[in-house]
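[1] how would this look folded up:
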Amino acid sequence: METPCDLAAVKNAYWDNKTYQPHQSVATAGLLPAFPTNSICGGIASVFNIICILVFLTKKELREKYLSFAVLAFGNLLNTLFL
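    Prediction:
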């Protein structure tokens, strides 16, 4: 026996996913330009974070004075890699 929802779905083909499935490329088309942009920006940020970490950890006076900056740069590096 058909429920009222099934009967309504037959009348309204837009909401009937059994017979009218949406095309997935239409749903994700807006995300396609964001992926390379995010990858390029993340790669550039990673390079700068690695440079900051190397500079601040290789010089003793900078390591003592700016340790929190080096830790923040490391945290930002992890953020850019895992996002």
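
[2] how near is residue 79 to residue 73?
    With distances taken as Cβ to Cβ, to the nearest Å, residue 79 is found 10 Å from residue 73. In short, each C-beta sits where N, CA and C put it, glycine included.

[3] more neighbours, these two?
    residue 73 (21 against 13; other Cβ atoms under 10 Å).

[4] quick check: buried residues in the one helix or strand residue 43 maps to?
    According to DSSP states H and E, residue 43 maps onto helix 34-58. For helix 34-58, the buried set under the neighbour-count rule, 16 or more other Cβ atoms under 10 Å, comprises 46, 49, 52, 53, 56.

[5] tell me the helix or strand right after that helix.
    helix 60-65.

[6] and that following helix, what does it pack onto?
    If you count contacts as 3 or more Cβ pairs under 8 Å, 6 or more residues apart in numbering; DSSP states H and E, helix 60-65 packs onto helix 34-58.

[7] could you redo the last one with a cut-off of 10 Å?
    Helix 60-65 sits against helix 34-58, helix 67-82, with contacts defined as 3 or more Cβ pairs under 10 Å, 6 or more residues apart in numbering; DSSP states H and E.

[8] let's have the ones you listed in a markdown table, adding mean pLDDT.
    Output for the helices and strands packed on helix 60-65, formatted as a markdown table (pLDDT from 0 to 100):
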| stretch | mean pLDDT |
| --- | --- |
| helix 34-58 | 88 |
| helix 67-82 | 88 |
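
[9] which residues touch residue 74?
    49, 50, 52, 53, 56, 57 (Cβ atoms under 10 Å, 6 or more residues apart in numbering).

[10] good, we can wrap up now.
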